[in-house]
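**Student:** A structural model of the following input is requested.
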Amino acid sequence: MPSISDRPDSSDRPGSSGHPDSFVDRVLEVVDAIPPGRVMTYGDVAAALGSRAARMVGQVMAFYGSEVPWWRVVRAGGHPPVKHEHLALEHYRAEGTPLLRGAGAAFRIDMRAARLSPVLFEESEPEPEPSGENGRNHPSDR
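**Tutor:** Next up, the predicted model:
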């Protein structure tokens, strides 16, 4: 996995013209909107986009995540991004993110206290225009 400093800038994104429908741009928009002290899992970010592509979210974060608060996207068990634990811990402490201590220097996020639900996130975003048959594109529209 590339280090944060090795990641290309946004102008190097393959297939991204800055159009808001680009998956990369949409992932980065969701991550940028996570409030300080809160976190989402890779799967939560995907769910907020109406996707199940948690691994693709991980790839986006690996290559383009340095543009946004990357430390707010964690693994499902509350563990920070691999190989960035120490830097992430500095951010968590500065933001007051609830942490749980493990053995030795290990830690993880207190997911019950810090997790931002993708459902709550979606509610804070404007609803997309209907695009499906009969103008329905969301389960709540049925």
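**Student:** show me what contacts Leu89?
**Tutor:** Contacts here follow Cβ atoms under 8 Å, 6 or more residues apart in numbering; on that basis Leu89 touches 80, 99, 107. Using the backbone N, CA and C atoms, a C-beta is placed for each residue, glycine as well.
**Student:** likewise for Leu100?
**Tutor:** 78, 107-110.
**Student:** would it count as being in a helix?
**Tutor:** No. Under DSSP: H, G, I helix; E, B strand; the rest coil, Leu100 falls outside any helix and is assigned strand.
**Student:** now, the most widely separated pair of the contacts of Leu100?
**Tutor:** Spanning the widest gap among those are Phe107 and Asp110, at 9.7 Å by Cβ to Cβ.
**Student:** looking at those two, which one has more neighbours?
**Tutor:** Taking Phe107 and Asp110 together and counting by other Cβ atoms under 10 Å, Phe107 has the greater number of neighbours (17 against 14).
**Student:** check contacts around that one.
**Tutor:** Residues touching Phe107, when contacts are defined by Cβ under 8 Å, 6+ apart, comprise 85, 89, 99-101.
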